[in-house]
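Chemist: task: produce atomic coordinates for the following.
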Amino acid sequence: GRTTDLAIDPNCGLPGAHCRMWITPAGGGVWRTKNALSPNPKWEYLSGSFGINSIGSITIDPNDSSGNTLWVGTGEGNTCGSGCVAGVGLYKSMEGGAHWTGPIGESAFNARGVGTIAIKPGNSNVIYAGSTFGVRGHASSCCYGAVSPYRALIPGAPLWGLYRSTNGGDTWTLVHNGSTDPAPCGTDVLAIANNTPPCSPRGVRRVLIDPSNPNIVYAASYARGVWRSSDGGTTWTQIKASLNAT
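Modeler: You can find the predicted model right below:
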């Protein structure tokens, strides 16, 4: 199936260093090889403790020079009609994936798909994670099609979008969902999924931090184009409109 993300050890290629790579198949958990440059890398499965194999993203903390600190987002962040299973939150490892802590951020990400994570260079406590809605079960009469808004109606699930933590993942705040301010999104997820308010009907699929200035953040929102924040995610400006806002 799909491989949703991968991460490469920043020390890969240095003399005497293993070339580690981690990959996340959409419904296959987290896998690691210690010899990614080999013609036939050997892989090992790492996420048996997760309780779910639906994975959307994996990121190495840029502030850990060893490359051992990993963040994983469960739930696939794509809006496909089949297999984009919702997750349970985030997981963190400080041992290269040998052991994990989680789920983290359940109040923001449980029953959603986390397809992107970024950690601020210079401050590991500042984390951005973007979510979309995911699937919990299928039926012939409901909730299967790629554009069905009823897929959003997982009981108790939070609103999708870009969340920020400033305390290492202890708490999370919705800072962006395809508009200048997430406040207009409200809490009516069906209305949002039907594309009636200003916010994204699917969520935030990608977040990146400017390597030259860690306070500049970019976010890509379904049907709402590309946005930039110059103050670490507090305020946003659209820099490219969506190719298909409907």
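Chemist: and Asn213, that one's in a helix?
Modeler: No. Using DSSP: H, G, I helix; E, B strand; the rest coil, the assignment for Asn213 is coil, not a helix.
Chemist: i'd like the first residue to be 28 from this point on
Modeler: In the new count, where the first residue is 28, that last one comes out as Asn240.
Chemist: report the separation between it and Val234.
Modeler: From Asn240 across to Val234, the span is 15 Å (Cβ to Cβ, to the nearest Å). Glycine gets a C-beta too; all of them are placed from N, C-alpha and C.
Chemist: cool, and Gly142?
Modeler: Distance, Gly142 to Val234, using Cβ to Cβ: 9 Å.
Chemist: same question for Ser158.
Modeler: Here the criterion is Cβ to Cβ. By it, Ser158 lies 10 Å from Val234.
Chemist: ok, now Asn271?
Modeler: 21 Å.
Chemist: which one of Ser158 and Val234 is surrounded by more residues?
Modeler: Higher neighbour count among Ser158 and Val234: Ser158, with 36 against 24, using other Cβ atoms under 10 Å.
Chemist: I'd say the more buried one and Arg229 touch.
Modeler: No. Contact criterion Cβ atoms under 8 Å: Ser158 and Arg229 do not qualify, at 9.9 Å.
Chemist: overlap of the contact sets of those two?
Modeler: Residues touching both Ser158 and Arg229 by Cβ atoms under 8 Å, 6 or more residues apart in numbering: Trp187.
Chemist: on that earlier part again, need the overlap of contacts for Ser158 and Val234.
Modeler: With Cβ under 8 Å, 6+ apart, Ser158 and Val234 have common neighbours Leu189.
Chemist: excluding chain neighbours, give the residue nearest to Thr106 in space.
Modeler: Nearest residue to Thr106, sequence neighbours excluded (Cβ to Cβ, 6 or more residues apart in numbering): Arg229, at 5.1 Å.
Chemist: equivalent analysis for Gly149, please.
Modeler: Gly149 sits nearest to Pro241 (Cβ to Cβ, 6+ apart), 5.8 Å away.
Chemist: which pLDDT value belongs to that neighbour?
Modeler: Confidence at Pro241, expressed as pLDDT, is 97.
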